[in-house]
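> Prediction below, plus the sequence it came from.
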Amino acid sequence: MVPTLPIQITCPKCGAKYAAQVFSIIDVQMEPRLKSLLLRGGLNTVTCPSCGAPGRVSAPLLYHDPQKEFLLFFIPPELNLPMAEREKLTGSMLSALMSAVPAGERKGYFLNPRTVLTMQGLIDEILQADGITKEMMEEQRLRGQLVQDLLRALDDETALNALVEQNKQRIDYQFFLTLAASAEGSAGAGQTELAEKLLKLRDALLARLPTSLPEPLPDDTPPSVLVDRILAAKDKDARWAYVLYNRPLLNYAFFEELTGRIAKATPEEAEALRALRTNLLEMTEQLDKEALAVQDAKLKFLQELLASSDPLPLVRQRKEEIDSFFLSIVGGALRDAQHKGKTEEAQKLQAINAAILKLLQESLPPEVRFVNDLLAQEYPQGTEKMLRERQGEWDANFLEILEALAQDLEEQKRPETAQRLREIRARAQTIVPTSASAAGPTGRPSTSEKILTP
């Protein structure tokens, strides 16, 4: 087993200093779980013991797959290491790997690792070696698009039922794997609201489809219990279901428990358990690859937008690719650029975000666009001025819409915006138009998620 490296970390949130163990060498034969962590973006993630803030450590990586005679070396660009130090680091990491590999298994390719320039380049090389084709990527993209379509219809029962009926052949185990991977990835990135929506969608689909899946186990379920449940599963589909619903529980402790049972089993039982372990590793790896495929497509789209001098035309052209997951990626990239002081990149990301908000604003119903315009005004003078200037666009029914939106926002735990809407409503009550030159808003918007201004 390749040892980890202890490093000292300063929490960017609270400033606390703490030690963490970092993996710098991944040998998929010795520790296959590390490959899964790398593909899922969970390698070298840390949690501050003082404030609980999550983080990811940028560290050099040496990736080794002996079956494919595959050796890749990656140094994060942000480390800014001079060439002499890079060469020294490469030599020391190769020496550490070779010391962990039996002498008879050391081959010529050990002396010539291929260097990749980016983390995405490293992941692309790994996926390509694993046989992930463009067709598979496209299939996964379509699956991800269906997830987004269903999410948009989640609060509209008629639309949701119609979508499920149209796509019930596509909503299979693979689809649920994509759904689970997206929920897990969102939760791991701190996007709890999106993760909750994905889980709500999962439950809604299960209520509409004759799919027999087990209940997810509690987070504190002992590894031995999950091993027992999976051993009791009668077929591969049932095992897929346990992986789907309990992916976070199939961690190092789980595989350690399974390995312990192999050591204690009879020769025949041990062979079956080893086959099960291999099978489960393949399942979790496939789930992680599918999650990565969705993320990869979104990241490539973001890179195209960053390379564009005017992102709005491209945003309009590919608006079907803009969903809540993509918005979370843009927001995360913007926060990261601001945190690292990358001013030019942050400005480009702000321009992309503005272009997306403009597109979303254009697609909103007139009454919601008017609400957003009001929220953007300085209260109370700017608000009252706009209400008077645009009296032809609203009437008394608009007051009901404001109250309904405020209630929705309170349920979504956005009390400040809800309070502002009620203040706008109170101001509007004093100047309700006696007649409207144009048909004013008469219905409640389908959801207050349409409110773009915080």
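Received it, and whenever you're ready, just let me know what you need. Numbering: from 1, shown residues only.

> Go through the strand or helix carrying Ser99 and flag the buried ones.
Using DSSP states H and E, Ser99 falls within helix 83-100. Using 16 or more other C-beta atoms under 10 Å as the test for burial, helix 83-100 gives Leu89, Thr90, Met93, Leu94, Leu97. Heads up, the C-betas are built off the backbone N, CA and C, glycines and all.

> was I right about the third one contacting Phe23?
I take that to be Met93. No. With contact defined as C-beta atoms under 8 Å, Met93 does not reach Phe23; the gap is 11.4 Å.

> Between the buried residues of helix 83-100, which sits nearest Ser36?
Lowest distance from Ser36 to the buried residues of helix 83-100 (C-beta to C-beta) belongs to Leu97, with 19.3 Å.

> Now do the same contact list for that closest one.
Applying C-beta atoms under 8 Å, 6 or more residues apart in numbering, one finds that Leu97 lies in contact with Val2, Ile25, Asp27, Leu62, His64, Phe110.

> need the contact list for Leu151.
Lys197, Leu198, Leu201, Asp323, Ser324.

> Counting neighbours, which of those residues comes out on top?
Most neighbours among those, by other C-beta atoms under 10 Å: Leu198, with 26 neighbours.

> which residues in the stretch 251-400 of the chain form helices?
252-264, 267-307, 311-317, 324-339, 343-363, 366-375, 381-389, 397-411 (DSSP state H, counting those that start in this stretch).

> buried stuff in the fourth one?
The one in question is helix 324-339. Ser324, Phe325, Phe326, Leu327, Ser328, Ile329, Val330, Ala333, Leu334, Ala337.

> which of the contacts of Leu151 lies closest to Asn372?
Closest to Asn372, out of all of these and judged by C-beta to C-beta, is Ser324, at 17.9 Å.

> pLDDT of the helix or strand hosting Ile126, averaged?
Using DSSP H and E, Ile126 falls within helix 119-129. What helix 119-129 shows for mean pLDDT is 81.

> what packs against that helix?
Counting by 3 or more C-beta pairs under 8 Å, 6 or more residues apart in numbering; DSSP states H and E, the packing neighbours recorded for helix 119-129 are helix 32-40, strand 61-65, strand 70-74, strand 114-116, helix 267-307.

> Only the buried residues of the fourth one, if you could.
By 16+ other C-beta under 10 Å, the buried positions in strand 114-116 come out as Val116.

> Each with direction, which strands does that strand pair with?
strand 70-74 (parallel) (DSSP bridges).

> Report the mean confidence score over the partner strand.
Averaging pLDDT along strand 70-74 gives 89.

> Also compute the angle for it relative to helix 83-100, please.
140 degrees (axes from the mean of the first three to the mean of the last three C-alpha atoms, to 10 degrees).

> Show me what strand 70-74 is in contact with.
For strand 70-74, using C-beta under 8 Å, 6+ apart, the contacting residues are 60-65, 90, 93, 109-110, 112-119, 121-122, 125-126, 129.

> ok, now with 7 Å
60-64, 90, 109-110, 113-116, 119, 122, 125, 129 (C-beta atoms under 7 Å, 6 or more residues apart in numbering).

> quick check, distance from that strand to the centre of its chain.
Mean C-alpha position of strand 70-74 versus that of the full chain (C-alpha atoms, centre = their mean, to the nearest Å) differs by 26 Å.

> Just want the angle from that strand to strand 61-65.
170 degrees.

> What are the buried residues along strand 70-74?
By neighbour count on 16+ other C-beta under 10 Å, the buried set for strand 70-74 is Phe70, Leu71, Leu72, Phe73, Phe74.

> now, among those, which is nearest to Ala53?
Taking these together and measuring to Ala53 by C-beta to C-beta, the closest member is Phe74, at 25.3 Å.

> List the contacts of Phe110.
Leu71, Leu94, Met98.

> Could I get the buried residue list for stretch 313-323?
For stretch 313-323, by 16+ other C-beta under 10 Å, it's Leu314, Val315, Glu321, Ile322, Asp323.
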